[in-house]
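Student: Give me a model of this one.
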Amino acid sequence: MEGRHRPVVAREFVMLLLLLGLSASGFGATAVYGGGGGVGFVRRNGTQFVVDAAGGGRKPLEGINGFNAYWLMYKASFPEERWKVRAAFRDAAAHGLTVVRTWAFRDGGFRPLQASPGVYNEDVFQGLDYVISEANKYKIRLILSLVNNFDSFGGRRQYIEWAREAGHCLSSDDDFYTGNITKDYYKNHVKAILTRVNIINGLSYKDDPAIFAWELINEPRCVSDLSGITLQGWIEEMAEYVKSIDDNHMLEVGLEGFYGQSTPNRKKFNLIYDMGTDFISNNLVKGIDFATVHVYPDEWMPWSTNQTQMAFLDGWLRSHIADADAVLSMPLLVSEFGKKHSPASSSSSNGRRRSRRNAVGDERQSVYASVYDAVYASASGGGSCRGGLFWQLLLGEEAMDDMRDGYEVVFSESPFLEHLIDMQSRRLNNLSDYPVIDSRVDDN
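Tutor: Below you'll find the predicted structure:
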């Protein structure tokens, strides 16, 4: 688009790193970044994020380079494991990562946060207290997700099971969105989280600027109602409820980005997926402050070539950035993205195994570079896409092997990805001096 900086394409980003002669040792350790960008709450200003600054006023928040680490609260609930949380934040801060997305839920099951409706495990809650307090020390802000669409760590299914145990007749997980009892359970959890007083810093979560935003639900779907009406109604009700308790923090839905009935011409970007969500209508709900997309080309298109996956990635990002610019007029975060590293090959040829691993490594780097270039091209040109959060950051410790899912980034094991991540932080940090582009702050 005219007036935008020309995007650096993925191949050019990779070549830039090579020309700089970046080494694998100590690259992030000497980096100096702007951190969280201020001392106050982050708010929406048109398609930009701004932060309440010391001494009054608001200033732009530089482009966001971030990461996912769903495991933080769980590990921090064991005092002897809290060093892993500290180490992750230390690594992240050294590479200029300023926002982390993590879970504020563990519903039922082993070591739950919420053992049953309204009954909380104080040890796990104190783990979340620690995560928030420790993140603030490293100038890292948090996006806290409030429930899972899937049954990992409880999710909607656990709410349905609790309701059935209480004598309510609910036929499917999708009744989570319509059942009065499950909606009440969810609202009670929202209130418990937002009004929690952190035992470490003494702040209610709703009053803590270390929290970047709340997320209603991780990757909502409602396949029993592809019209989108069911999920739209739930988002409207819950957004209003969250804002009635906390008008300090921003709120996002947790969407993957699938298009719905409001834009049938855009549904071509969904591939074969129709999930009962609507990227446009869901984000236009009053109280929703910014939009999100997720993208996993290899998981969503396992049957296709890398070239086809990369073409999809490009179109997916372009369409959502264009819609966030022109239709939603709000910031957009790529709040999950990634590509699996190569699994161990069954080939008897070590040479073939290494060749395949090298090819997958190159493809993985291309996914990161493409996402980062799209983010930078938009943010540097005053557009809506303000950051990307890769899935997921882990430590190179054997004790965290149970957290590996193939998408993990361990800096000590992935030097080239480490360089890409660090370089993205550097160039986004250089945008921190850009002026505020809108005069009106959208305190939605």
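Student: Retrieve the pLDDT associated with the closest residue to residue 137 other than its chain neighbours.
Tutor: Using Cβ to Cβ, 6 or more residues apart in numbering and skipping the chain neighbours, the partner closest in space to residue 137 is residue 89 (7.4 Å). Heads up, the C-betas are built off the backbone N, CA and C, glycines and all. Looking at residue 89, its pLDDT reads 98.
Student: same question, residue 269
Tutor: Confidence score, pLDDT, at residue 269: 93.
Student: part of a helix, is it?
Tutor: Yes - judged by DSSP: H, G, I helix; E, B strand; the rest coil, residue 269 forms part of a helix.
Student: coming back round to it: remind me which helix or strand the residue nearest to residue 137 belongs to.
Tutor: Element membership of residue 89 [criterion: DSSP states H and E] is helix 82-94.
Student: Alpha carbons only: can I get stretch 416-433 in PDB?
Tutor: Extracted in PDB, the C-alpha atoms of stretch 416-433 (Å, rounded to 0.1, in the frame of the first residue of the first chain):
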ATOM      1  CA  PHE A 416      19.000 -19.200  14.100                       C
ATOM      2  CA  LEU A 417      15.500 -18.800  15.500                       C
ATOM      3  CA  GLU A 418      17.000 -17.100  18.400                       C
ATOM      4  CA  HIS A 419      18.600 -14.600  16.000                       C
ATOM      5  CA  LEU A 420      15.400 -14.000  14.100                       C
ATOM      6  CA  ILE A 421      13.500 -13.400  17.400                       C
ATOM      7  CA  ASP A 422      16.200 -11.000  18.700                       C
ATOM      8  CA  MET A 423      16.400  -9.100  15.400                       C
ATOM      9  CA  GLN A 424      12.600  -8.700  15.400                       C
ATOM     10  CA  SER A 425      12.700  -7.200  18.900                       C
ATOM     11  CA  ARG A 426      15.400  -4.800  17.900                       C
ATOM     12  CA  ARG A 427      13.600  -3.400  14.800                       C
ATOM     13  CA  LEU A 428      10.300  -3.200  16.600                       C
ATOM     14  CA  ASN A 429      11.900  -1.400  19.500                       C
ATOM     15  CA  ASN A 430      13.100   1.200  17.100                       C
ATOM     16  CA  LEU A 431       9.400   2.100  16.400                       C
ATOM     17  CA  SER A 432       9.000   3.300  20.000                       C
ATOM     18  CA  ASP A 433       9.600   7.000  19.000                       C
END
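Student: Please identify the buried residues of that stretch?
Tutor: 416-425, 427-429, 431 (16 or more other Cβ atoms under 10 Å).
Student: thinking again about what came up before, just list the residues touching the residue nearest to residue 137, thanks.
Tutor: Residues in contact with residue 89 (Cβ atoms under 8 Å, 6 or more residues apart in numbering) are 100, 134-135, 137-138, 140.
Student: For residue 240, state which of those is nearest.
Tutor: residue 100 (26.9 Å; Cβ to Cβ).
Student: Confirm that closest one sits in a strand?
Tutor: Yes - counting by three-state DSSP, residue 100 is found in a strand.
Student: Read off the pLDDT value for the residue lying closest to residue 212 once chain neighbours are set aside.
Tutor: Closest residue to residue 212 apart from its sequence neighbours, by Cβ to Cβ, 6+ apart: residue 141 at 3.8 Å. Per-residue pLDDT puts residue 141 at 98.
Student: again, but for the one 5 residues further on
Tutor: The predicted local distance difference test score for residue 146 is 99.
Student: Pull out the buried positions in the helix holding residue 89.
Tutor: Result for helix 82-94 [16+ other Cβ under 10 Å]: buried residues 82, 84-85, 88-89, 91-94.
Student: ok, now stretch 188-205?
Tutor: If you call a residue buried by 16+ other Cβ under 10 Å, then stretch 188-205 has these buried ones: 189-194, 196, 198, 203, 205.
Student: Please apply the same query to stretch 318-327.
Tutor: The neighbour-count check on stretch 318-327 (16+ other Cβ under 10 Å) flags 319-325, 327 as buried.
Student: now stretch 293-303
Tutor: Under 16+ other Cβ under 10 Å, the buried positions of stretch 293-303 are 293-298, 300-301.
Student: Restricted to strands, list the residues you listed.
Tutor: Using DSSP state E, the members of the buried residues of stretch 293-303 that fall in strands are 293-295.
Student: could I get these as JSON lines with pLDDT and distance to residue 403?
Tutor: Formatted as JSON lines, these follow (pLDDT from 0 to 100; distance: Cβ to Cβ, whole Å):
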{"residue": "293", "pLDDT": "99", "distance to residue 403": "24"}
{"residue": "294", "pLDDT": "98", "distance to residue 403": "19"}
{"residue": "295", "pLDDT": "98", "distance to residue 403": "21"}
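Student: which residues in the stretch 1-150 of the chain form strands?
Tutor: Counting by DSSP state E, counting those that start in this stretch, the stretch 1-150 of the chain has strands at residues 42-45, 48-52, 58-60, 64-68, 99-103, 114-116, 119-120, 141-145.
Student: now the stretch 151-300 of the chain
Tutor: 211-215, 250-252, 291-295.
Student: how about the most centrally placed residue in the chain, what does it touch?
Tutor: By Cα atoms, centre = their mean, the chain has its centre lying nearest to residue 335, at 3.1 Å. Residue 335 sits next to 68, 101, 143, 252, 254, 292-294, 388-389 when contact means Cβ under 8 Å, 6+ apart.
Student: show me where this structure has helices.
Tutor: 10-20, 72-76, 82-94, 122-137, 155-165, 180-194, 229-245, 279-283, 297-300, 306-323, 350-380, 415-429 (DSSP state H).
Student: Pull the third one out as CSV, backbone CA atoms only.
Tutor: Output of helix 82-94 as CSV, limited to C-alpha atoms (Å, rounded to 0.1, in the frame of the first residue of the first chain):
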residue,chain,number,x,y,z
ARG,A,82,9.8,-21.4,40.4
TRP,A,83,13.4,-21.0,39.1
LYS,A,84,12.1,-22.1,35.7
VAL,A,85,9.7,-19.2,35.6
ARG,A,86,12.5,-16.8,36.5
ALA,A,87,14.8,-18.3,33.9
ALA,A,88,12.2,-18.1,31.2
PHE,A,89,11.5,-14.4,31.9
ARG,A,90,15.2,-13.7,32.1
ASP,A,91,15.8,-15.4,28.7
ALA,A,92,12.7,-13.6,27.2
ALA,A,93,13.8,-10.2,28.5
ALA,A,94,17.3,-10.7,27.2
